[in-house]
Every structure is written in structure tokens, then in C-alpha cells.
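>>> Sequence first, predicted coordinates after that:
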Amino acid sequence: MSDSFEDAQTPRPNPDQNTEPQPQDSASENTHDEWDLVEELDRETETSTNARPERQIPDQGKKKASNSSHEQQLQFNTTVVMVETAFLASTASLIWLINYYFPLGPVLKMFFPVPIALVYMRRGHRASWMAALVSGLLLSVLQGPTRSILFLIPYGLMGVQLGALWKRQANWLFSIGIGTLLGTFGFFFRFWLLSILLSEDLWVYVMTQITELVEWGFIKLGLLAQPSLTLIQVVAILAIVVNNAVYLFVVHLVALLIFDRLKNPIPRPPQWVQVLLDY
């Protein structure tokens with residue numbers, strides 16, 4: 001009886017109960033592994049997110065530095081263009097003033113369009129137009145608008161025209177021809193403007209001088225005919241054209257000697273001119 005009673009009190013193992021704790025332990029281990037993987041992934045994402053701004057910040061700094069340096073370079077170039085344009089415009093105005101108050105014949109006259117042409121060759125068409133306008137405004141303040149217009153037409157326009165042709169490496173025959181036409185137009189414009197301001201026809205004075213010259217030529221040739229008015233006008237126009245052509249040729253020679261030393265060479269002259277310069 002005692003043995004049976006002790007056996008009844010001792011718990012007997014249940015196979016179902018022995019198998020249940022084992023999957024619980026494995027599940028807990030799996031959950032611990034999953035949490036470890038999640039923590040590792042979080043750490044990697046944190047390090048990656050922290051590393052991204054460190055890579056982007058230097059790139060942004062380089063871009064900002066390059067943009068600032070580019071803006072500074074543009075500002076510097078603009079300042080240089082403005083200063084050089086103002087300096088050469090004042091030089092052209094000063095040459096005109098010296099020639100007006102202390103005329104030295106054709107010595108200074110050949111330098112009238114040279115500074116503006118130099119601006120075109122160094123800084124482009126916009127700077128040359130600005131130089132011509134600034135010199136005209138400066139002369140209008142110093143001498144009045146009439147004389148400033150006489151400088152702009154034809155010498156200001158001639159400087160821009162010569163600079164454009166020299167920049168494009170046009171030959172001397174073409175540039176001298178275009179300049180001669182512009183100079184002839186400027187001559188007649190000057191006579192027309194001065195005739196209005198003086199209330200006198202200055203062309204009559206020119207015709208009188210040309211008539212005396214033609215009559216002197218007829219006498220030297222032994223001709224007893226009287227020169228006609230048409231012949232006198234043709235001779236006057238030819239004299240004006242030839243005068244402007246010679247003037248443009250001298251301006252080309254001056255620019256050839258000056259611009260080569262300034263490292264802004266103009267197109268090379270014809271062979272016969274180069275031979276004369278070599279001598």
C-alpha cells in the first residue's frame with residue numbers, strides 16, 4: 001500500500017510536456033538573431049546616412065568656389081574693358097583737342113581714328129562704339145556739340161570701321177576703299193553742317209579754288225579753252241577722293257607700326273609697301 005501510494009504521488013513525465021519547451025527555446029533564439037540583424041541594419045543605415053552629407057558637402061563647396069571665382073573673373077574682365085575703353089576714348093579726344101588748338105598739320109590728324117580702332121581690335125565692337133560715343137560726349141562738354149559731331153563724323157565712324165576690317169584680316173585695298181568712301185561722306189557732311197551754321201555756301205568757295213587750279217593747269221598745258229562747271233566739279237570730287245585715299249593709306253602705315261608693338265597686328269601690307277618699309 002505504501003509503495004502504491006508513493007508511486008501515485010510522484011509525477012510521471014508526459015511526453016507532450018517534454019517536447020513543448022524545446023521549440024520555445026529555438027523561437028526565442030531566432031527572435032534574438034532577428035533583433036541583432038535589425039540592429040546591425042540600423043547601424044549600417046545610420047553610418048550610410050551620416051556618410052552621405054560628408055561626401056556632398058565638399059562637392060557643394062567646390063561648386064560654390066568655382067562659381068564665385070568665375071564671377072570674380074567676369075567682374076575683373078568687365079572692369080578692365082571699361083578702364084581701357086575710357087582711357088583710349090580720352091586719348092582720341094585729347095589728340096583732337098591738341099590738333100585744334102595747336103595745329104601741327106597732318107601729323108596729329110593721322111592719329112584720329114587709331115585709338116578707337118585699337119579698342120575694336122582688343123575688346124570688340126561694343127567697346128569701340130562706347131569709345132566713340134564717350135569721346136564725342138567728352139568733346140561736346142569741352143568744345144560744344146558741333147565740334148564733337150565733326151569728330152564723330154567721320155573719324156569716330158572711321159575708327160570703328162577700320163577696327164572691324166582689321167579684326168577680320170581684310171586686305172589694304174578693301175579697307176582703304178571703304179575708308180575713302182566714309183571719309184568723302186564725312187567731308188561733304190562737314191561742309192553741309194558748317195554751311196548751315198555759318199549761313200554761307202562753302203561749296204562755292206571750294207569751286208573758286210578748284211577753278212583757279214584748273215585754269216592754271218590749262219595755261220601750263222597751253223590750252224586756251226575755258227574750263228566748264230562740270231569739269232570743275234568732277235575735278236573737285238576727284239581731289240577730295242584722292243585726298244581721303246592718301247589719308248587712309250597713311251593711317252594704315254601708322255597703325256602697322258604701332259599695333260605690331262602692342263601685339264595687335266593689322267593685316268600685312270602689299271608686297272611693294274613691305275619693300276618700301278624694309279628700306
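Received it, and whenever you're ready, just let me know what you need.

>>> And the helices in the stretch 51-200 of the chain?
106-109, 114-123, 125-143, 145-151, 157-167, 172-198 (DSSP state H, counting those that start in this stretch).

>>> and the second one with helix 157-167, angle?
Translated: helix 114-123. 40 degrees (axes from the mean of the first three to the mean of the last three C-alpha atoms, to 10 degrees).

>>> Can you give me the buried ones in helix 114-123?
Residues 114-123 are the ones in helix 114-123 that count as buried (16 or more other C-beta atoms under 10 Å). For glycine as for every other residue, the C-beta is placed from the backbone atoms N, C-alpha and C.

>>> With the fifth one instead?
For helix 157-167, the neighbour count (16+ other C-beta under 10 Å) marks 157-167 as buried.

>>> Run the angle between it and helix 172-198 for me.
170 degrees.

>>> who does helix 157-167 touch, helix- and strand-wise?
helix 114-123, helix 125-143, helix 172-198, helix 229-259 (3 or more C-beta pairs under 8 Å, 6 or more residues apart in numbering; DSSP states H and E).

>>> ok, now with 6 Å
Packing partners of helix 157-167 (3 or more C-beta pairs under 6 Å, 6 or more residues apart in numbering; DSSP states H and E): helix 114-123, helix 125-143, helix 172-198.

>>> same deal with the third one?
Contact analysis of helix 125-143 by 3+ C-beta pairs under 6 Å, 6+ apart lists helix 21-101, helix 114-123, helix 145-151, helix 157-167 as its packing neighbours.

>>> weakest of these by average pLDDT?
For these, mean pLDDT drops lowest on helix 21-101, to a mean of 65.

>>> before we move on, the earlier item: any chance of the helices of the stretch 51-200 of the chain in CSV, plus distance to Lys220?
Shown next, in CSV, are the helices of the stretch 51-200 of the chain (distance: least, C-beta to C-beta, whole Å):
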stretch, distance to Lys220
helix 106-109, 26
helix 114-123, 38
helix 125-143, 42
helix 145-151, 36
helix 157-167, 35
helix 172-198, 27
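
>>> out of those helices, which comes closest to Ile258?
For Ile258, the closest of these is helix 114-123, at 6.9 Å, according to C-beta to C-beta.

>>> what packs against that closest one?
helix 21-101, helix 125-143, helix 157-167.

>>> hmm, 8 Å instead?
Helix 114-123 packs on helix 21-101, helix 125-143, helix 157-167, helix 229-259, going by 3+ C-beta pairs under 8 Å, 6+ apart.

>>> circling back to that earlier point, what's the closest of the buried residues of helix 157-167 to Gln271?
So of the buried residues of helix 157-167, ranked by how close each gets to Gln271 (C-beta to C-beta), first place is Trp166, at 18.8 Å.

>>> List the single closest residue to that closest one in space, sequence neighbours excluded.
Closest residue to Trp166 apart from its sequence neighbours, by C-beta to C-beta, 6 or more residues apart in numbering: Ile266 at 4.4 Å.

>>> again, but for Leu138
Nearest one to Leu138, counting by C-beta to C-beta, 6+ apart, is Ser93 at 4.6 Å.

>>> For Val251, see how far away that neighbour is.
Applying C-beta to C-beta, to the nearest Å, the value for Ser93 to Val251 is 18 Å.

>>> and what of Leu221?
Note on Leu221: its distance to Val251, by C-beta to C-beta, is 34 Å.
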